[in-house]
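Enquirer: show me the folded form of this:
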Amino acid sequence: MSVTSDLIRGNTDTIILGQLMIRDSYGYEINKSISTISGGLYELKEATLYTAFKRLEESGCISSYWGDEMTGARRKYYTITPLGKQTYRRMLEEWNTSKKIIDKLVNAASDGKGEGL
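Expert: As a prediction, this is how the structure comes out:
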């Protein structure tokens, strides 16, 4: 079973910023890490990933630089900025609050707390 992208779409920026809290990275490596952490159940589409990078860079949450690879193609690395760290912490708090609310709402029937059951 894979995770539907609709469930995660609004949290793409939070996921990317979370990866960059760990270390600077480039697109393919971030996407591979997301896939690994999710046990292969979720992977960002390339267009979604690079659109998010552009949005985050324009908002000042991340910046980019070119790597110094001696072999192969040069990679564009992304690093989180102080504003990005602050944004990540805020988004994480919003996620945790939302998760608690959604858990209550979707489990209302099984908990016997739903209206009109």
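Enquirer: surely residue 65 forms part of a helix?
Expert: No. With DSSP: H, G, I helix; E, B strand; the rest coil as the criterion, residue 65 is assigned strand and is not in a helix.
Enquirer: burial count for it?
Expert: As a burial measure, residue 65 scores 11 neighbours (other CB atoms under 10 Å). To be clear about C-beta, it is placed using only N, CA and C from the backbone, and glycine gets the same treatment.
Enquirer: OK, contacts around it?
Expert: 76-77, 79 (CB atoms under 8 Å, 6 or more residues apart in numbering).
Enquirer: find the centremost residue of this protein, please.
Expert: The centroid of the chain falls nearest to residue 15 when counting by CA atoms, centre = their mean (1.5 Å).
Enquirer: now, of the contacts of residue 65, which are buried?
Expert: Among the contacts of residue 65, those classed as buried by 16 or more other CB atoms under 10 Å are residue 77.
Enquirer: now, which of the contacts of residue 65 sits nearest residue 63?
Expert: Relative to residue 63, the closest of those is residue 79; by CB to CB it sits at 5.7 Å.
Enquirer: for that closest one, grab phi and psi.
Expert: phi -130, psi 150 (degrees, to the nearest 10).
Enquirer: then the one 10 residues further on?
Expert: Dihedral angles phi and psi of residue 89 (degrees, to the nearest 10) take the values phi -60, psi -40.
Enquirer: how many neighbouring residues does it have?
Expert: Look at residue 89: counted by other CB under 10 Å, it has 12 neighbours.
Enquirer: which residues sit in contact with it?
Expert: Contacts of residue 89 (CB under 8 Å, 6+ apart): none.
Enquirer: which parts of the helix or strand containing residue 54 count as buried, going by neighbours?
Expert: Residue 54 is part of helix 46-58, with elements assigned from DSSP states H and E. For helix 46-58, the neighbour count (16+ other CB under 10 Å) marks 48-49, 52-53, 56 as buried.
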